[in-house]
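In: give me a 3D structure for the following:
(one chain, ligands or ions: 2)
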Amino acid sequence: MNMTNALTRLRWDLDDIDNQLLDLIEKRLLLCATIGDSKRTEARLFLRPQRQQALVRRLQARAKFTSPEAVRHVWRELMAHSLQVQAPLTLLLVDDGRRDRLQRLAREQFGSAPGIEWARDARSALSRASGEHVVAIIPHQNDLQLASGLHAFELLRDEDGRPTAWAVGRVNEEATDKEAARSRGNPWRPNSWRKRPALQLPEYDDDQKLKDVEKRLAGRAPIVELNDVDILSCRLAEVANGRAILLQAGDCAESFEHVSRTNTVAVAELLAEMAARIEAGAACGVVRVGRIAGQFAKPRTKLMESIAGVEIHAYRGDAINDAVAAPLARQPDPDRLLRAQEHSERTARWLASHVPDGQQPIFSSHEALLLNYEEALTQYDELSGRWWSGSGHMLWIGERTRQIDGAHIEYVRGIANPIAIKYGPSADPDKLCRLLEALNPERPRGRVTLIPRLGYKHVEARLPLLMRAAAREGWIVPWCLDPMHGNTQVTGGRKTRDLDHIRAEIGAFFAIALAEGAWPGGIHLEVTPDDVTECIGGKSGITETDLSRAYKSACDPRLNRSQALEIADFVSEQYAKFRQTGRNA
Ligand code: PEP
Ligand code: CO
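Out: Numbering: from 1, shown residues only. Ligands and ions are numbered 1, 2, ... in the order given. Predicted structure coming up:
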């Protein structure tokens, strides 16, 4: 077949798809008209903005290639036109002297279908909104007085994000959405974690100082944007669906001292190179997520340590205390939370400005450990009615704090950001399912990523049980192996990890995924671009006696640049093999 013929065929295919699309749209319109007829027997018509938002969110999570913005735009129009068939809606705009701008925002929110009319003032617009099928668009003011039955259900913002107008109408409050019903039975607030047992939180000796710090943090702008958080959620849905891979990597703990543009760019470039190598073997896209721009706090198995016979607090990350081994330096200090926020904000800015054209962005992630900090950085989005965390794109819960009725799980349950949970060898498969249910009752794919970190000795016995339990209850999740934290050993007083063990756990992960019919969703690593000697083995030939040469981590041992690329190549080969074997099977 020559080129012209091939193109003609593709165009025919497109024509055919358009016909099918139109048939579906007409079917949708007819259904809506039927629903509209049955509703006309109701005395009054109501709007259901929450239902519409939930629909759009569900589709955004389901989309594999369509951007969240495209889904929103297309469905806004579809929904607006089908609602018009049910009952013609009018937008009543209050003339504030800037008609063009207001009209643009109203169309942006409600699509092209509703009619637009103008009102002299807010009072007359609101009075029509209480009696007719009308949405009043009222200039934004903080002391909006509404008659009973009317709700300001949407805040319209201009291009710079400034609140500009309220959309006010009669909203159906009946518990149509499961979400509202559930939250009534199980209410969530950014501070509801405070009623639950919290492990691993530092004990500060100055309560008032902590409160002041929380207040200052709450007054600061979010470090990341909700739009990017939503984009990452969509990407993680692709990972769950077996169409993309998650690479999550970076420091065990960032340190204030090393926050600089140069270091940020070096980490970004290492991640980009690792991702490119994995993409080459896997032949699918890699979602890049750094342990960066917020990874300043550590859980510890031993909270105290003994230095020259004196008991002092263990180092818990720069957001909590100082690495210097002296009693005063190790005292937890709330002021460090402010510095952690500032360093995260700068790092996030450098990370965002570094994305070269056409390249994938690097999203940020950290362990959601310090709940006072997380609570203070929690945001509410009026537009979608969701709480979300402004502290990073993705948050994870560690092996030590994932108790289902504990404070950490309670906190992440309520935020819209994608979350991940670490699983060590003691993980109970049934408890895993209950946790998934608690964290993701609506079940959009990619909302919860599972990070097994079982160790090469336990992975073969434990991972199949976890995968089977999840599959039995219908969970399709991103499985992202952490081959670092289950393989830590202590040699000559230093923590290290052996590349042979890391490779063994990765190899087992791919074999198990294949046997269980699961997609090996990704890999979670502790790496640094620096030339450190913290992990042993691999082509660089670092042995136990080299560890003292350049051991710079104040926490866990990281792969240096060449070790990280070696592991990326190994992962890449594993994906190539997985594809090959999967196809043959
Ligand atoms: C970590 O990721 O640095 C960590 C402490 O992991 P885990 O909770 O799996 O031990
Ligand atoms: Co670590």
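In: can you name the residue of the stretch 451-585 of the chain nearest to ligand 2?
Out: Of all residues in the stretch 451-585 of the chain, Asp556 sits closest to ligand 2, at 3.5 Å by C-beta to the ion. The way it works is simple: take the backbone N, C-alpha and C, and place the C-beta from them, glycine included.
In: quick one: contacts for the nearest residue to that residue once chain neighbours are set aside?
Out: Excluding the flanking residues, the one nearest Asp556 by C-beta to C-beta, 6 or more residues apart in numbering is Cys252, at 3.8 Å. Taking C-beta atoms under 8 Å, 6 or more residues apart in numbering, we find Cys252 in contact with 291, 295, 298, 526, 553, 555-558.
In: any idea which element Cys252 lies in?
Out: Using DSSP states H and E, Cys252 sits in no helix or strand.
In: how much space between it and Trp12?
Out: 56 Å (C-beta to C-beta, to the nearest Å).
In: picking up where we left off before, for the contacts of Cys252, work out which two are farthest apart.
Out: Gln295 and Pro557 (15.6 Å; C-beta to C-beta).
In: those two - which one has more neighbours?
Out: More neighbours surround Gln295 than the other of Gln295 and Pro557, with 29 against 26 (other C-beta atoms under 10 Å).
In: and the spatially closest residue to that one that is not a sequence neighbour, what does it touch?
Out: Leaving out its chain neighbours, the residue that sits closest to Gln295 by C-beta to C-beta, 6+ apart is His366, at 4.1 Å. The neighbourhood of His366, defined by C-beta under 8 Å, 6+ apart, consists of 291-297, 344, 391-392, 395-396.
In: run the last query once more with 10 Å
Out: His366 is in contact with 250, 253-254, 290-297, 317, 319, 340, 344, 374, 391-396, counting by C-beta atoms under 10 Å, 6 or more residues apart in numbering.
In: count the neighbours of Pro88 for me.
Out: The number of residues near Pro88, taken as other C-beta under 10 Å, comes to 11.
In: does it really touch Pro114, like I thought?
Out: Yes: at 7.6 Å, Pro88 and Pro114 qualify as touching, with contact defined as C-beta atoms under 10 Å.
In: find residues that contact each of the two.
Out: Common neighbours of Pro88 and Pro114 (C-beta under 10 Å, 6+ apart) are His133.
In: tell me which parts of the stretch 151-300 of the chain are close to ligand 2?
Out: Cys252 (C-beta under 5 Å from the ion).
In: now, which of the contacts of His366 lie within strands?
Out: 250, 290-291, 394-396 (DSSP state E).
In: go ahead and flag the most central residue of the chain.
Out: Taking C-alpha atoms, centre = their mean as the criterion, Pro418 is the residue nearest the geometric centre of the chain, at 2.5 Å.
In: next helix or strand past the one helix or strand in the chain whose mean pLDDT sits lowest?
Out: The weakest-scoring helix or strand in the chain, judged by mean pLDDT, DSSP states H and E, is helix 178-185 (a mean of 52). Tracing the chain past helix 178-185, the next element assigned as helix or strand by DSSP H and E is helix 207-218.
In: what residues does that following helix touch?
Out: 190-191, 202, 204, 206, 332-338, 340-341, 372-379, 391.
In: which of the contacts of Cys252 has the most neighbours?
Out: Neighbour max across these (other C-beta under 10 Å) = Gln295, 29 neighbours.
In: so which bits of this structure are right by ligand 1?
Out: Residues of the chain lying near ligand 1 by C-beta under 6 Å from any ligand atom: 252, 299, 398-400, 422, 453, 485, 556.
In: tell me how far whichever residue of the stretch 151-300 of the chain sits closest to ligand 1 lies from Glu437.
Out: Per C-beta to the nearest ligand atom, Cys252 is where the stretch 151-300 of the chain lies closest to ligand 1, at 5.0 Å. Distance, Cys252 to Glu437, using C-beta to C-beta: 31 Å.
In: for Gln359, same thing?
Out: Counting by C-beta to C-beta, the gap from Gln359 to Glu437 is 37 Å.
In: re the thing from before, make JSON lines from the residues of the chain next to ligand 1 and add pLDDT and secondary structure to it.
Out: Shown next, in JSON lines, are the residues of the chain next to ligand 1 (pLDDT from 0 to 100; DSSP: H, G, I helix; E, B strand; the rest coil):
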{"residue": "Cys252", "pLDDT": "97", "secondary structure": "coil"}
{"residue": "Pro299", "pLDDT": "97", "secondary structure": "coil"}
{"residue": "Gly398", "pLDDT": "98", "secondary structure": "coil"}
{"residue": "Glu399", "pLDDT": "97", "secondary structure": "coil"}
{"residue": "Arg400", "pLDDT": "96", "secondary structure": "coil"}
{"residue": "Lys422", "pLDDT": "98", "secondary structure": "strand"}
{"residue": "Arg453", "pLDDT": "98", "secondary structure": "coil"}
{"residue": "His485", "pLDDT": "98", "secondary structure": "coil"}
{"residue": "Asp556", "pLDDT": "96", "secondary structure": "coil"}
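In: where do the strands of the stretch 451-585 of the chain begin and end?
Out: Taking DSSP state E, counting those that start in this stretch to define them, one finds strands in the stretch 451-585 of the chain at 480-481, 488-491, 494-497, 522-526.
In: near ligand 2, anything from the third one?
Out: No: under the criterion of C-beta under 5 Å from the ion, ligand 2 is not reached by strand 494-497; the shortest gap measures 9.3 Å.
In: burial count for the closest residue to Arg291 other than its chain neighbours?
Out: Excluding its sequence neighbours, the residue lying closest to Arg291 (C-beta to C-beta, 6+ apart) is Gly250, at 3.2 Å. Residues within reach of Gly250, counting by other C-beta under 10 Å, total 26.
In: again, but for the one 10 residues further on
Out: Using other C-beta under 10 Å as the criterion, Ser260 is surrounded by 13 other residues.
In: you'd agree it is up against Trp350?
Out: Yes: contact criterion C-beta under 10 Å: Ser260 and Trp350 qualify, at 8.4 Å.
In: can you tell me how far the residue of the chain found nearest ligand 1 is from Lys302?
Out: The chain approaches ligand 1 most closely through Gly398 (2.8 Å), counting by C-beta to the nearest ligand atom. Distance from Gly398 to Lys302, counting by C-beta to C-beta: 15 Å.
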